[in-house]
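Participant: I'd like to go over a predicted model; first the sequence, then the structure.
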Amino acid sequence: MRWMHCLAIGALGLALAACTTSPTGRSQLMLMSDDELDQMGAKAFAQYQSNRPTVSGAPLRYVQCITDAVVRVLPAEARQENWQVRVFKDDSANAFALPGGYVGVNTGLLDIATNQDQVASVIGHEIGHVLAHHANERASTQSATQIGMTMASVAAAAAGIQGANHDMAMSALGMGAQYGVQLPFSRSHEREADEIGLQLMAQAGFDPRASIDLWHNMSEAGGGQPPEWMSTHPSHGNRIQGLQANMETALASYRQARQSGRTPHCQ
């Protein structure tokens, strides 16, 4: 259809204008600057802290110790960030890292991640999102999708598609964009962060095999999941398979780290 052709041309133009490559070699669309992302990260971190109580003392020292060990093996540019760490009193098993150097861990995660290696697998994964500029890519993809939807709507009107037919066409396009572009991008981000995080934790001296133990814990603690094609995250089983596929390389990095004296003891 003519309006779909316009959408394709618009998306192609954006891709050519701001195409780069992720740490694993995957093509990415980047429309925002690092400064913009850092400012957004700082604002989001401040807002998160204002909405949730924080925990200090031993839990914070524990998470700080693990984060510091991972940060020490980051590329030089990322190590220069003044990484700030907070532990939030929240029962959900969640954690995050934000552009600009911010890490947050919920107390609920510390209940499920039973040792430093399991916590390191989560922190490595979240910092992996930052290293791969996933926030930029996601925002850029959503922006490009919205631009494409607007172009398609204009083109459909110009082609004489109106009323209920126009609404049905735009609804179908919106569903296609969500399930065909945005959700697969999110799942690819999760798989990529798993791969990067596995290497980071291993290089820091944490046992990468603990990442698989963590996802078994998550499976036991968590309930059902939506079908993977409707979810922003891969299924637990697929995540474990992906981790296992990269485990040999990670174990080699882990052994080398331990031989080099990187033996974190965070308690």
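Facilitator: Looks like it arrived, so ask away. Residues are numbered from 1 along each chain as shown.
Participant: Secondary structure element for the residue nearest to residue 236 when sequence neighbours are not counted, which one?
Facilitator: Excluding the flanking residues, the one nearest residue 236 by Cβ to Cβ, 6 or more residues apart in numbering is residue 219, at 4.6 Å. In this view, the C-beta of every residue, glycine as well, is placed from N, C-alpha and C. Per DSSP states H and E, residue 219 falls inside helix 210-221.
Participant: again, but for residue 256
Facilitator: Under the criterion of DSSP H and E, residue 256 resides in helix 247-259.
Participant: That helix vs helix 210-221, what angle?
Facilitator: Relative orientation of helix 247-259 versus helix 210-221 (axes from the mean of the first three to the mean of the last three Cα atoms, to 10 degrees): 120 degrees.
Participant: which residues sit against helix 247-259?
Facilitator: By Cβ atoms under 8 Å, 6 or more residues apart in numbering, the surrounding residues in contact with helix 247-259 are 73, 198-199, 201-209, 212.
Participant: picking up where we left off before, let's test this: mean pLDDT of the helix holding residue 219, rounded?
Facilitator: For helix 210-221, the mean per-residue pLDDT is 90.
Participant: Isn't residue 130 up against residue 78?
Facilitator: Yes: if you go by Cβ atoms under 8 Å, residue 130 and residue 78 touch, sitting 7.4 Å apart.
Participant: which of the two has more neighbours?
Facilitator: residue 130 (26 against 14; other Cβ atoms under 10 Å).
Participant: so who does the more buried one touch?
Facilitator: By Cβ under 8 Å, 6+ apart, the contact list for residue 130 reads 78, 97-99.
Participant: what about 6 Å?
Facilitator: The contact partners of residue 130, by Cβ atoms under 6 Å, 6 or more residues apart in numbering, come to 97, 99.
Participant: just residue 82 next, same as before
Facilitator: Contacts for residue 82 (Cβ under 6 Å, 6+ apart) come out as residue 101.
Participant: what pLDDT does it get?
Facilitator: Looking at residue 82, the pLDDT reads 87.
Participant: Can you tell me the element it falls in?
Facilitator: In this assignment (DSSP H and E), residue 82 forms part of neither any helix nor any strand.
Participant: quick one: it from residue 256, how far?
Facilitator: Separation of residue 82 from residue 256 (Cβ to Cβ, to the nearest Å) stands at 28 Å.
Participant: Which residue ranges of this structure form strands?
Facilitator: Secondary structure of the chain (DSSP state E): strands located at 19-21, 27-29, 54-55, 84-88, 95-98, 102-106.
Participant: Same list, the ones you listed, but as JSON lines with distance to residue 244 and mean neighbour count please.
Facilitator: Below are the strands of the chain laid out as JSON lines (distance: least, Cβ to Cβ, whole Å; neighbours: other Cβ atoms under 10 Å):
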{"stretch": "strand 19-21", "distance to residue 244": "26", "mean neighbour count": "11"}
{"stretch": "strand 27-29", "distance to residue 244": "26", "mean neighbour count": "17"}
{"stretch": "strand 54-55", "distance to residue 244": "33", "mean neighbour count": "16"}
{"stretch": "strand 84-88", "distance to residue 244": "29", "mean neighbour count": "20"}
{"stretch": "strand 95-98", "distance to residue 244": "22", "mean neighbour count": "23"}
{"stretch": "strand 102-106", "distance to residue 244": "25", "mean neighbour count": "25"}
